[in-house]
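Participant: kindly generate the corresponding structure for this input.
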Amino acid sequence: MIFKTMSLTRLVSLLGLAVCATFPLGAKPSPEKVANTVILDETGTKNLRIETVEVEETSFEETVFALGRIRAAPGRSGIVSSRVSGRVVSVVAHSDTPIQEDAEALVIEVRQPGNPPPVLSLHAPLAGLVTKVNVVVGQPVSPDDSLVEVTDLSVVHAVAAVPEHLVGKLKVGQQVLIRTQAYPDRTFTATLAHLGAEAEQGGGTLEAAFHVENKDLALRPGMRAEFGIAISKREGVLAVPKSALLGEPSRRFVYVADDELKHAFVKTPVVVGAQNDRFAEILDGVFPGDKVVVRGGYSLSFAGGGSVSLKEALDAAHGHEHAADGSELTPEKKAAMEAAKKGAHGHEHGDEEGVNLWMIVSGVLFALLVVSSVRKGGKTQPTAESTTPTESA
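Facilitator: You can find the predicted model right below:
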């Protein structure tokens, strides 16, 4: 009886499993599906920051993955220097600020006779960002000194270090998606401009350079970058974002949002095909139109029994009562449950109460009868010997 009265949610929670979601009317949910579905409430979904995307057939690109860095584009940097020796009297340019071509960068006092000595204004050789200011007021300078550096970052080079065994798949003109740690939710696109002339000896890589438009100056020289270089494309491929994939490489699964019960997510095994830097091809397990969890899936793995029971979720979704195991609670099933309850006790609970009362009353009457009998037995009758007068001597 303990098993019958315990809720399904409690039983599943004891096993560390989640409660299941939707089933056809009149059908009893399979234990496997019950064990692989989590039902949350609205608050739970928000706390786990659950996000889903719809599975669809799309163009799938096979890519070569590589790491690299952002560099200033060749020919887009310049320095401010002096043709004569002197002393700095004013610094106009400031680091990390834009400067226009031919704008004044600094002023020096020339080492020539005069009272006061003549001054010379030095100007920016190109428009861009002031990347370095190497002097301060009063500092002596000579023609060999690099006083101010200016870099045009409107276009930068993104240079990937491609492993040698993948270089044969690359050719000029291929497209790439570039991501940086500074902007994890943003991608930059470019095409392969050229390959390096010499492989790096220690790491066994070859440079692949891409010219990247950078009008907002988001990319800065020295930033680390990830490259996904597209080498082929297939149409009509069923794919999901790689962030949806969970589990070990040999046992991949995704969480699919139930299309009937709110905040219900079914753990679904999948067969994975090719992968690129963003997507994974799905050969089996999900269908177009399914909504897979792309954020919060890892947390769902530890959500336990969820925050809503299977019975509560199905009752709300279907508008009528269900059994604790999720099956339809038909009149026949209700009658069978009542009959099973009677059979287990041998009588109705009301009859049981009546029997208990009768047993109590009978016990009290029996106790009174015993007490009465004991009292009567204590009063002895006079014998014939005691009533015969004693003869006189």
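
Participant: list the buried residues in stretch 111-125.
Facilitator: The neighbour-count check on stretch 111-125 (16 or more other C-beta atoms under 10 Å) flags 120, 122-125 as buried. Yep, even glycine has a C-beta here, placed from its N, CA and C like the rest.

Participant: of all the residues you listed, which comes closest to residue 297?
Facilitator: Nearest to residue 297 among the buried residues of stretch 111-125 is residue 124, at 51.6 Å by C-beta to C-beta.

Participant: rewinding a little: could you dump the buried residues of stretch 111-125 to TSV with secondary structure?
Facilitator: Putting the buried residues of stretch 111-125 into TSV (DSSP: H, G, I helix; E, B strand; the rest coil) gives the following:
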residue	secondary structure
120	strand
122	strand
123	strand
124	coil
125	coil
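
Participant: and which of those residues is nearest to residue 230?
Facilitator: residue 125 (37.6 Å).

Participant: surely the closest one and residue 79 touch.
Facilitator: Yes. Using C-beta atoms under 8 Å, residue 125 is in contact with residue 79, at 7.3 Å.

Participant: one step back: and which of the buried residues of stretch 111-125 is nearest to residue 267?
Facilitator: Scanning the buried residues of stretch 111-125 for proximity to residue 267, where the rule is C-beta to C-beta, the winner is residue 124, at 60.5 Å.

Participant: state the distance from the closest one to residue 372.
Facilitator: 124 Å (C-beta to C-beta, to the nearest Å).

Participant: returning to that earlier point: for residue 125 and residue 79, list the residues in contact with both.
Facilitator: Shared contacts of residue 125 and residue 79 (C-beta atoms under 8 Å, 6 or more residues apart in numbering): residue 150.

Participant: quick one on the thing from earlier: a markdown table for the buried residues of stretch 111-125, including distance to residue 286 and pLDDT?
Facilitator: A markdown table is the format used below for those (distance: C-beta to C-beta, whole Å; pLDDT from 0 to 100):
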| residue | distance to residue 286 | pLDDT |
| --- | --- | --- |
| 120 | 71 | 95 |
| 122 | 64 | 96 |
| 123 | 62 | 97 |
| 124 | 57 | 96 |
| 125 | 58 | 95 |
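
Participant: just confirm residue 73 contacts residue 210, I think it does.
Facilitator: No. Look at residue 73 against residue 210 with C-beta under 8 Å: they stay out of range, at 10.5 Å.

Participant: neighbour count winner among the two?
Facilitator: residue 210 (24 against 20; other C-beta atoms under 10 Å).

Participant: what strand or helix carries that one?
Facilitator: Element membership for residue 210, per DSSP states H and E: strand 205-213.

Participant: contacting residues around stretch 97-108?
Facilitator: 80, 82, 86-93, 119-130, 135, 141, 147-148, 150.

Participant: go through those residues and flag which are in strands.
Facilitator: Using DSSP state E, the subset of those located in strands is 80, 86-91, 119-123, 128-130, 141, 148, 150.

Participant: filter those down to the buried ones and hand me the PyMOL line.
Facilitator: With 16+ other C-beta under 10 Å as the criterion, this PyMOL line picks the buried residues out of the ones in strands among the contacts of stretch 97-108:
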select buried, resi 80+86+87+88+91+120+122+123+128+129+130+141+148+150
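
Participant: give me the below-cutoff pLDDT ranges for this protein.
Facilitator: Applying pLDDT under 70 to the chain flags the ranges 1-31, 33-34, 304-337, 340-358, 361, 371, 374-393.

Participant: for residue 187, which non-adjacent residue is spatially closest?
Facilitator: Counting by C-beta to C-beta, 6 or more residues apart in numbering, the nearest residue to residue 187 once its immediate chain neighbours are dropped is residue 177, at 4.9 Å.

Participant: any idea which element that neighbour lies in?
Facilitator: Element membership of residue 177, judged by DSSP H and E, is strand 175-180.

Participant: which strands and helices sit next to that strand?
Facilitator: Here strand 175-180 touches strand 155-163, strand 188-195, strand 205-213, strand 224-241, going by 3 or more C-beta pairs under 8 Å, 6 or more residues apart in numbering; DSSP states H and E.

Participant: that one vs strand 224-241, what angle?
Facilitator: 110 degrees (axes from the mean of the first three to the mean of the last three C-alpha atoms, to 10 degrees).

Participant: strands paired with strand 175-180, and their directions?
Facilitator: Here strand 175-180 is paired, per DSSP bridges, with strand 188-195 (antiparallel), strand 224-241 (antiparallel).

Participant: buried residues, the longest one. List them.
Facilitator: Neighbour-count burial for strand 224-241 flags 225-230, 237-240 (criterion: 16+ other C-beta under 10 Å).

Participant: just put those residues in CSV and tack on distance to residue 215.
Facilitator: Shown next, in CSV, are the buried residues of strand 224-241 (distance: C-beta to C-beta, whole Å):
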residue, distance to residue 215
225, 18
226, 21
227, 21
228, 22
229, 23
230, 23
237, 33
238, 36
239, 31
240, 33
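
Participant: ok, these vs residue 51, which is closest?
Facilitator: Using C-beta to C-beta, residue 240 is the member of these that lies nearest residue 51, at 12.8 Å.

Participant: now do the contacts for that closest one.
Facilitator: Residues 53, 55, 254, 279-280, 282, 286, 292, 294 are the ones in contact with residue 240 under the rule C-beta under 8 Å, 6+ apart.

Participant: which outside residues touch stretch 159-169?
Facilitator: Contacts of stretch 159-169 (C-beta under 8 Å, 6+ apart): 64, 66-71, 170, 176, 195, 199-200, 203-210, 225, 227, 229, 231.

Participant: alpha carbons of it, as CSV, please.
Facilitator: Below are the C-alpha coordinates for stretch 159-169, written out as CSV (Å, rounded to 0.1, in the frame of the first residue of the first chain):
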residue,chain,number,x,y,z
VAL,A,159,45.7,35.4,-39.2
ALA,A,160,44.9,31.7,-38.5
ALA,A,161,47.5,29.0,-37.7
VAL,A,162,46.2,26.1,-39.8
PRO,A,163,47.6,22.6,-39.0
GLU,A,164,49.7,21.3,-41.9
HIS,A,165,47.5,18.3,-42.6
LEU,A,166,44.5,20.6,-43.3
VAL,A,167,46.3,23.1,-45.5
GLY,A,168,45.5,21.1,-48.7
LYS,A,169,41.8,21.8,-48.2
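
Participant: before I go, just wanted to say thanks for your time.
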